[in-house]
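> structure of the sequence below:
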Amino acid sequence: DAAPFMEAGFELNVNDVLATDTPQTPVHLTDRYPIRPLVSDRDWAALVETTLVVNADRPGYDRHYVEGKTRAIRGAIERGEGAWWAAWDGGRLIGHLGLFWGEGLVRFQDVETHPDYRGLGVCRSILHAACEAARRDPRAGGGSGDGPLFVIVPADDGVRRIYESLGFAYREKTVDLMRP
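Below you'll find the model as predicted:
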């Protein structure tokens, strides 16, 4: 019963978990923008700038927070816990996502597309490229024949169709309580 927590000011979050162990090639991929993992200081600085633009209307997403979060993510990537992929238009990072893995699961994090590039297949294309790379990467459970199980908890139903176009389907529901 969540009522006592709700009365104490907690927020109830209910999310669908989507999963697939066989990502599909969706229609509407774009090859217009190169997709690759982040590797350089310049790449990580571009991630900060795009994250600030994408989240400009979200409370708490100021430069200090985004730079700290990015440092933490980069540390995890450098320890081999995942990879961060991005699409580029020249030197401009236009979309990105993180993949973190362990025990045969690969979890997406912070799938974001710059507002100027939405609706162009950028998100779908990064998701597809990252899934294909993870399926070959032994650190992610790939390369073994079976491959990893990919999971995502979409932020909202508006983006759910993107994941479904890659073969993701409802797996389970998660429920948590959070103090704002």
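> what segments of this protein are strands?
11-20, 35-37, 82-89, 92-102, 105-113, 149-152, 169-178 (DSSP state E).
> for residue 21, see how far away the nearest residue to residue 141 once chain neighbours are set aside is.
Nearest residue to residue 141 in three dimensions, chain neighbours excluded: residue 148, at 3.7 Å (Cβ to Cβ, 6 or more residues apart in numbering). To be clear about C-beta, it is placed using only N, CA and C from the backbone, and glycine gets the same treatment. In this view, residue 148 and residue 21 are 7 Å apart by Cβ to Cβ, to the nearest Å.
> please say which of these two ends up with more neighbours.
Ranked by neighbour count (other Cβ atoms under 10 Å), residue 148 and residue 21 place residue 148 first, with 26 against 14.
> give me the pLDDT for the more buried one.
On pLDDT, residue 148 comes in at 74.
> give the contact list for it.
Counting by Cβ atoms under 8 Å, 6 or more residues apart in numbering, residue 148 touches 21, 101, 104, 105, 106, 134, 135, 140, 141, 142.
> any idea which of these is closest to residue 15?
residue 105 (16.1 Å; Cβ to Cβ).
> and the pLDDT at the closest one?
Confidence score, pLDDT, at residue 105: 86.
> in the chain, where is pLDDT below threshold?
Along the chain, segments meeting pLDDT under 70 span 143-147, 155.
> hmm, back to that, CSV for the strands of the chain, including mean neighbour count and distance to residue 56?
Output for the strands of the chain, formatted as CSV (neighbours: other Cβ atoms under 10 Å; distance: least, Cβ to Cβ, whole Å):
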stretch, mean neighbour count, distance to residue 56
strand 11-20, 15, 23
strand 35-37, 16, 24
strand 82-89, 22, 19
strand 92-102, 21, 15
strand 105-113, 20, 12
strand 149-152, 21, 23
strand 169-178, 11, 23
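> gap between residue 159 and residue 80?
In terms of Cβ to Cβ, residue 159 sits 28 Å off from residue 80.
> those two: which is more packed in?
Taking other Cβ under 10 Å, residue 159 and residue 80 do not tie; residue 159 has more neighbours (14 against 9).
> contact partners for residue 26?
By Cβ under 8 Å, 6+ apart, residue 26 lies in contact with 124, 128, 162, 165, 166.
> so how many other residues sit close to residue 66?
Neighbours of residue 66 under the rule other Cβ under 10 Å: 19.
> correct me, but it touches residue 44?
No: with contacts counted by Cβ atoms under 8 Å, residue 66 stays clear of residue 44, the gap being 11.1 Å.
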